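Colleague: Predicted model, plus sequence, below.
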Amino acid sequence: MTHDQERLQYLYRMMLRIRCFEEGLVDPILNREIRTPCHLCSGQEAVAVGLCAALSKDDYIFGSHRSHGHFLAKGGSLNALAAEIYCKEKGCSRGRGGSMHLVDPDVGMLGSAPIVSGTISLAVGAALAASLRKDGRVAVSFFGDGATGEGVLYESLNFAALKKLPIIFVCENNLYATHMPIRECRVDIPIRRIAEPFGIENHMVDGNDVLAVYDAGLKAVEVCRNGEGPVFLECMTYRFRGHVGPDDNVQGLHTDIRPKTELASWLNKDPIQRLERYLIEHIGIGVMDVQKIKDTVAQEVREAKTFAENSPRPRGKELNEYVFA
Amino acid sequence: MTHDQERLQYLYRMMLRIRCFEEGLVDPILNREIRTPCHLCSGQEAVAVGLCAALSKDDYIFGSHRSHGHFLAKGGSLNALAAEIYCKEKGCSRGRGGSMHLVDPDVGMLGSAPIVSGTISLAVGAALAASLRKDGRVAVSFFGDGATGEGVLYESLNFAALKKLPIIFVCENNLYATHMPIRECRVDIPIRRIAEPFGIENHMVDGNDVLAVYDAGLKAVEVCRNGEGPVFLECMTYRFRGHVGPDDNVQGLHTDIRPKTELASWLNKDPIQRLERYLIEHIGIGVMDVQKIKDTVAQEVREAKTFAENSPRPRGKELNEYVFA
Amino acid sequence: MSSPRNLSYCQAINEAFHQTMEADPSVFLIGQGVKSPWYVGSTTRGLIERFGQERVIDSPISENGITGAAVGAAIAGMRPVVVHPRMDFMLYAMDPIINEAANWFYMSGGRSNAPVVFWGIINRRGEQAAQHSQAMHAVFAHVPGLKVVMPATAYDAKGLMVAAIQDPNPVVFVDERLLYGHAGPVPEEIYQVEIGKGCIRREGCDVTIVAVSLMVHEALLAAYQLAENDIEAEVIDLRTVKPLDQELIVSSVKKTGRLVIADAGWQSFGISAEIAALVSEQAFDDLKEPIMRVALPDCPAPASMALEEDYYSSAVDIVEAARKITRERKNIWRAR
Amino acid sequence: MSSPRNLSYCQAINEAFHQTMEADPSVFLIGQGVKSPWYVGSTTRGLIERFGQERVIDSPISENGITGAAVGAAIAGMRPVVVHPRMDFMLYAMDPIINEAANWFYMSGGRSNAPVVFWGIINRRGEQAAQHSQAMHAVFAHVPGLKVVMPATAYDAKGLMVAAIQDPNPVVFVDERLLYGHAGPVPEEIYQVEIGKGCIRREGCDVTIVAVSLMVHEALLAAYQLAENDIEAEVIDLRTVKPLDQELIVSSVKKTGRLVIADAGWQSFGISAEIAALVSEQAFDDLKEPIMRVALPDCPAPASMALEEDYYSSAVDIVEAARKITRERKNIWRAR
Ligand SMILES: Cc1ncc(C[n+]2csc(CCOP(=O)(O)OP(=O)(O)O)c2C)c(N)n1
Ligand SMILES: Cc1ncc(C[n+]2csc(CCOP(=O)(O)OP(=O)(O)O)c2C)c(N)n1
Ligand SMILES: [Mg+2]
Ligand SMILES: [Mg+2]
């Protein structure tokens, strides 16, 4: 597929926004300004951005513990995200949720939550809602390779297949689940094959190539909108930082068991640099234009941080609000 | 494979014992002498008998809600089974468990329980125990086609495959789960294929041919004892009676939605008659010999019923015994 | 309201579905056995014919996934009812019920709610044994963010189901298979029984009996027997277990000074404990006698009918308990 | 016993594993994170090196299947400990814990038992929010067939873990990540702390404070502050939540006539309710004042630290509660 310039710049800007925002969290995490556990997605931005770019605003997504990227890619507000991570009242979840509970129903970001696989069945339900209402919406469930250990994933695949629901199962295979390489979690057979006994169309995608993800997303969305869902995408990718926080090794526990050379080889496949090179070398976007995008993004991120810092904390006497609607 | 006479007669006698015993329950169920919910396995005897014949006494099995056959096939006492179904103190579970909780650790029948799929992970655990102790035991998990809806089955397959546990997953596909044909429970792809994404050896077996099951069982046991487990067997079979009790239609609810012609065609494939014909026509066992087996079995079953009837009920003041060991 | 007809408890639930589904296209039913009377009696009669298989979804045996799908559909704007034809099966679905649904509104800071009904049927007795007899309302009552209702009558079965479906929060609706045949007057039109409000089923001044679901009927029987001995029991039907109608309970105990609690779940760490704790906090000075609890012993459900008789409690046990704390009237009992 | 060294709570648990695994080859450890200090602190240090990956099994993320496997291994004669590095994850594993393990011995009529330890870690605070902060001991305490222990000290952490592993029944061992650094004397040899027995951590005659786990330390702090105001509190450490040490609690309340219960779980329908109910049944005539409960409000755990401060209770709340029911001494408080 060919992609128009505007779209390409959008993809670049969005990935950069996520990266720049998350990298900006590193210091505040290390100096304990931020306490809520942050699972950074640096290195994996192409999956969130490529997939969400293939959706319309009305479509639904659900995320996991590692969902800053999903939230932003679906159109969530940078300010609201920053404030939530600072657990402030102006956060997207009013400081009640923190980094692991991001939500913005207005842009179809229906929620994220850290129970592994816990939101997969919710996404199936959102697809079921769309299918009952015949409103043409598609639902996307983002989850990790570790989630393939949970039985509810298979229950979800089965039910979605049985009812031909408009849902895209997106497995971000970053090769590790916390301290466990995927080979210690399951046998050495591609994850996408779990879709086969349910007759679900499935593809392996280069998750560090935003255009590949975007194209796979477009096709999957079409399949779903035609009533021929679900689709399962296994996106191969890698996280550049720790499981939680900037670096599992510097935070005292030394639990990052990933070989340095492996990390290095993946750093070479940085999805943002890859698209940047492509923009400059093949699309003819100027280095100055790229720099301008970088500046804009940096500015946005600074503003978001200021917004978050200046937002008030929730007040203790409002503790019990929002228990019931 | 060829099978010696003794073995063949054993298989025949055991299937007949199960059939004869269960058919003897029909009247007492209908006249409410027996109240505990009985899920009869009439028609499916070959799976239990063929598989268990491939095991040694020390090997482990776990059953489900429909496990009278499993219990007897593994060597459980007919008297203890009958007494349990009458919920008497001399039942295998002392009348605390009823039809759905059959246990006899001495013959490796580690238990049965009606929560669908609930015992599959337990069987994996028994296989894990065997593997930790390196005692050469094999564990068998019996479950129905309906159990493929439960996520814990996939978790069990994954873990068993990862650790190469000596376990045989035996799916008795009788085409229905209560009132639901399997096609309303999952897409039209053979169940055994769910084993593939976990790299588990899997086979489809004619579950009404006890010799086929026996042979498949022998091979699977060998694979497991060689440390190359697990194995998944899908045994195609059919129940001749209601989901629970003799006939779902005569018991008032009219929930048996199975076509009469379908039932009729399966009655033609009765595993016991099949083996009987084979014994007489190919092995040269005399009709009289067969009749003798029938008489013996009928006598055993009568005795078991008498045993059960004469066994005392548990006493109310012993209600709270057996809560803790 | 129109003049009510007599309907059975399960017909009343059926009518709640017909009327809520008719009124609101976002209401739908999903779960094991919605098209099988073996599972759900006649609670779903006529629904498929009227609303189609799309809105009455008989599901694979996947409690976790299906319950989660109901929660997700609720988050996406629907009003699902997900049935578990035995409460015991809900143990597979605790993650979507507790981790997800109960916490959802709070952890999104009020930005997103999950109006889902978790319908769990207690299906006990009949020598079904430990895995097919459990009542677990106390577990759900413990969890913030969940409401728990338990109708005792046909009227409440309909009204509480309607209220549960129309509530913007996750509600656990727990009914009792043994009550399905119980009949009572039920208005024709759609109506709610307010969640969080109990009611007095019988007035009395000597002892308060707080009961729920099945035990309300046992409590009324007990009250009748007690009255024959000049003990006037006030019988409260909780209707809602969470949030408890504290005021109703406390003000009754303030009047009678005595309390018997009758629950059909396990006693230890069960709902009877919370009610006892509540009263001993809020009506301490009015309590004349120790609080008595009638509930299940610390024991799984046995199969044998002989043991079942001892396991389950009934009016006799309530009478016995009430008798113990109306001891200044002991002479009356002796006289008979 | 040898003279005890000071060990931290998590070192004590670690020692329990080393010694039980050494003593009995059927003991093994399985679950998420057994080889990762991020999950389980240093509770598992040195175990893999000593006993091998076969007996220290870090598992896929499959709480249901892995917990079931532990139960099955127990039924087949092993003594597994299955860890859930956050209790919240146990919601996926309720079926094997409750439907299977808890009922197993009973429903087999005593023919088969499941000696498995379900080890669930409460891991709260730190702005982790609702799904990563839950304490659910009350749920397990409600279920017949389960025992529930909750150590407050390093000594008990070791002794209760040893007892749990050596018990022939399923035991839910609930510890508190916040206590992992807490140090205390721990004997070198292997020993059990008896399941079902609490202990008096501080004697006093004015008010009984029954506490568990984390809250024992808050209760002791509170007792110290109360003593400064001439209120002598007796502090009971439950150690075991189920079965409750009824005698210890009741006899203390008979002495003091006043009771404050401090639990780190939700108050409503929680363990504090059962204790209150117990006391108001068994020590009714001795109770001078209403029972006070200090526990979590009916609210999921918030992320924001500002809210966490209000959410979690501490010594201050216990002091406050005790003060309310020692009102005849109000003048003392006023004087200061
Ligand atoms: C039910 C459950 N079990 C365990 C955990 C602890 N946990 C948090 S993240 C994680 C690993 C998830 O791995 P993966 O799905 O591959 O996502 P990634 O972190 O790699 O993005 C685990 C096990 C959890 N949050 N929920
Ligand atoms: C967790 C759970 N969900 C639902 C049920 C109700 N139920 C009892 S048997 C059964 C059908 C099982 O079908 P299958 O596994 O094919 O076994 P079959 O009855 O055909 O032998 C169901 C759904 C149950 N016992 N447990
Ligand atoms: Mg991963
Ligand atoms: Mg079947």
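Modeller: Alright, I've got the coordinates. Ligands and ions are numbered 1, 2, ... in the order given.
Colleague: A:Asp58 versus the spatially most central residue of chain A, what's the distance?
Modeller: In chain A, the C-alpha closest to the average C-alpha coordinate belongs to A:His70, at a distance of 3.4 Å (Cα atoms, centre = their mean). From A:His70 across to A:Asp58, the span is 16 Å (Cβ to Cβ, to the nearest Å). No exception for glycine: its C-beta is placed from N, CA and C like everyone else's.
Colleague: picking that back up, ok so the residue nearest to the centre of chain A is a helix residue?
Modeller: Yes: under DSSP: H, G, I helix; E, B strand; the rest coil, A:His70 falls within a helix.
Colleague: residues contacting A:His203?
Modeller: Counting by Cβ atoms under 8 Å, 6 or more residues apart in numbering or on different chains, A:His203 touches A:192, A:216, A:231-234.
Colleague: hey, where'd the helices end up in the stretch 201-325 of chain A?
Modeller: Remark: helices assigned in the stretch 201-325 of chain A by DSSP state H, counting those that start in this stretch are A:210-225, A:260-267, A:271-278, A:287-310.
Colleague: and if you look at chain C?
Modeller: For chain C, the helices defined by DSSP state H occupy C:9-23, C:37-40, C:47-55, C:63-75, C:94, C:103-107, C:137-141, C:154-166, C:214-227, C:246-256, C:271-282, C:305-311, C:315-325, C:330-335.
Colleague: ok, for the residue in chain C positioned nearest to ligand 1, nearest residue in space, not its chain neighbours?
Modeller: For chain C and ligand 1, the shortest gap (Cβ to the nearest ligand atom) falls at C:Asp95, measuring 7.4 Å. With Cβ to Cβ, 6 or more residues apart in numbering or on different chains as the criterion, C:Asp95 has its nearest non-adjacent residue at 4.5 Å, and that residue is D:Leu91.
Colleague: and the gap between the residue of the stretch 101-250 of chain A found nearest ligand 4 and C:Asn64?
Modeller: Scanning the stretch 101-250 of chain A for proximity to ligand 4 using Cβ to the ion identifies A:Asn158 as nearest, at 15.5 Å. Remark: distance between A:Asn158 and C:Asn64 (Cβ to Cβ) = 11 Å.
Colleague: from memory C:Ile200 sits against C:Leu248, does it?
Modeller: Yes: the criterion here is Cβ atoms under 8 Å, and C:Ile200 meets it with C:Leu248 at 7.4 Å.
Colleague: ok, those two, which is more surrounded?
Modeller: C:Leu248 (19 against 14; other Cβ atoms under 10 Å in any protein chain shown).
Colleague: The more buried one: what's it in contact with?
Modeller: The contact partners of C:Leu248, by Cβ under 8 Å, 6+ apart, come to C:197-200, C:236.
Colleague: Quick one: mean pLDDT for stretch C:295-304?
Modeller: Here stretch C:295-304 scores 98 as its mean pLDDT.
Colleague: do it and chain B meet at all?
Modeller: Yes: using Cβ under 8 Å from any Cβ of the partner chain, stretch C:295-304 reaches chain B at C:297-300, C:302-304.
Colleague: just those residues now: which is nearest D:Val82?
Modeller: C:Pro300 (21.0 Å; Cβ to Cβ).
Colleague: Just list the residues touching the residue of chain C closest to ligand 1, thanks.
Modeller: If you count contacts by Cβ under 8 Å, 6+ apart, C:Asp95 has them with A:115, A:118, A:152, C:64, C:68, D:91-92.
Colleague: Domain boundaries for chain C, per the record?
Modeller: Split into domains by automatic domain parsing, chain C comes to C:5-186, C:199-330.
Colleague: How far away from the center of its chain is the shortest one?
Modeller: In this case it means domain C:199-330. Distance of domain C:199-330 from the chain centroid (Cα atoms, centre = their mean, to the nearest Å) equals 15 Å.
Colleague: still on that earlier bit, got the contacts of C:Asp95 as CSV, with pLDDT, neighbour count and distance to D:Arg258 columns?
Modeller: Converted to CSV, the contacts of C:Asp95 look like this (pLDDT from 0 to 100; neighbours: other Cβ atoms under 10 Å in any protein chain shown; distance: Cβ to Cβ, whole Å):
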residue, pLDDT, neighbour count, distance to D:Arg258
A:Ile115, 98, 25, 41
A:Gly118, 98, 29, 43
A:Val152, 98, 34, 48
C:Asn64, 98, 33, 46
C:Gly68, 98, 32, 46
D:Leu91, 98, 26, 37
D:Tyr92, 98, 32, 41
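Colleague: Let's see which of those end up in strands.
Modeller: Secondary structure assignment (DSSP state E) places none of the contacts of C:Asp95 within strands.
Colleague: which of those residues lies closest to B:Gly199?
Modeller: The shortest gap between B:Gly199 and any of those belongs to A:Val152, at 21.7 Å (Cβ to Cβ).
Colleague: Tell me if I'm right that that closest one and A:Thr119 touch.
Modeller: No: with contacts counted by Cβ under 8 Å, A:Val152 stays clear of A:Thr119, the gap being 9.8 Å.
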